[in-house]
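1. Pasting the sequence and the predicted coordinates here, then a few questions.
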Amino acid sequence: MKKRVAILISGRGSNMTALIEAAEAKDYPAEIALVISNRPDAPGLASARAAGVATAIVDHTRFGDEREAFEHALDGELRKSRIDLVCLAGFMRLLTPWFVTRWSGRMLNIHPSLLPQFKGLQTHRRALEAGMKRHGATVHFVVPEMDSGPIVAQDSVAVREGDTEETLAARVLELEHKLYPRALRAVAEGRTES
Ligand code: GRF
């Protein structure tokens, strides 16, 4: 039985598209059953619909400061669709320990750096400023602490002379599109420990 996966997005959704495309392969161990966005205007929603994937919007602004109420709504959507695994892909909300614990060992995130280096935002700029020779991306299980948790897969590119934040980000993003499907495959096949 294929694992039923939900992808949570907030924006462009290029990693989401990479996962949807990978999951179209017959032998892929997961199917993308649902895409949820916390932003009604996320461009990724249209791409998901165009690919024939069910979508839902759980708009965090409707919940004000009630973070857990927002997360209960998210959780409700996931359960309604009988989701086994959750992939965060450019999902720009911090999740509370309540939600993270509920999905512990069943929720992945992709982060554009070689963790544990450069947690948080503006990773490409910070990698350039630090003079890194290599930079990359990491897929990891989500734990309450941001951008931490057991690493599932990691890959890197060489930082080139003259790289800007944009050129480096573009090369890392290309790598992310291969890394996330590979990591999800490993998790769906039970080849990882969380
Ligand atoms: C990616 O760089 C991902 O690593 C980070 O946010 C970005 C999302 O891009 N978490 P996209 O929405 O998947 O195109």
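-> Nice, I can see it. Residues are numbered from 1 along each chain as shown.
2. who in this protein is up against the ligand?
-> Residues of the chain lying near the ligand by Cβ under 6 Å from any ligand atom: 9, 11-16, 89-90, 110-112, 137, 173, 176. The way it works is simple: take the backbone N, C-alpha and C, and place the C-beta from them, glycine included.
3. Could you check how far residue 40 is from the ligand?
-> Remark: distance between residue 40 and the ligand (Cβ to the nearest ligand atom, to the nearest Å) = 16 Å.
4. ok, for that residue, nearest residue in space, not its chain neighbours?
-> Nearest residue to residue 40, sequence neighbours excluded (Cβ to Cβ, 6 or more residues apart in numbering): residue 57, at 5.1 Å.
5. wait, doesn't the one you found sit right on residue 36?
-> Yes: shown here, residue 57 and residue 36 form a contact pair, counting by Cβ atoms under 8 Å, at 7.3 Å.
6. Comparing the two, which shows the higher neighbour count?
-> Remark: of residue 57 and residue 36, residue 36 carries more neighbours, 25 against 15, as counted by other Cβ atoms under 10 Å.
7. before we move on, what SS does the more buried one have?
-> Assigned state for residue 36: strand (three-state reduction, DSSP: H, G, I helix; E, B strand; the rest coil).
8. where does the protein have low pLDDT?
-> Under the criterion pLDDT under 70, the flagged ranges of the chain are 193-194.
9. can you map out the strands along it?
-> Here the chain has its strands, by DSSP state E, at 3-9, 30-37, 55-57, 85-88, 107-111, 134-141, 151-158.
10. quick one: strands adjacent to the last one?
-> Sheet pairing here is set by DSSP bridges, and for strand 151-158 it gives strand 134-141 (antiparallel).
11. on that earlier part again, got the contact list for the residue nearest to residue 40?
-> By Cβ atoms under 8 Å, 6 or more residues apart in numbering, residue 57 lies in contact with 36-40, 45.
12. Show me what it is bridged to.
-> residue 37.
13. what's the burial count for residue 40?
-> Here the number of neighbours of residue 40 (other Cβ under 10 Å) works out to 11.
14. Also residue 65?
-> Per other Cβ under 10 Å, the neighbour tally for residue 65 reads 6.
15. Just the CA atoms of stretch 101-115, as CSV, please.
-> C-alpha atoms of stretch 101-115 as CSV (Å, rounded to 0.1, in the frame of the first residue of the first chain):
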residue,chain,number,x,y,z
THR,A,101,4.3,15.6,18.7
ARG,A,102,1.1,14.5,17.1
TRP,A,103,3.0,13.9,13.8
SER,A,104,6.3,12.8,15.3
GLY,A,105,8.2,10.5,13.1
ARG,A,106,5.7,11.2,10.3
MET,A,107,6.6,14.8,9.3
LEU,A,108,9.5,15.9,7.1
ASN,A,109,10.9,19.3,6.3
ILE,A,110,13.3,20.5,3.6
HIS,A,111,15.7,23.3,4.6
PRO,A,112,18.1,25.0,2.2
SER,A,113,21.4,24.5,4.1
LEU,A,114,23.6,21.7,5.3
LEU,A,115,22.1,21.4,8.8
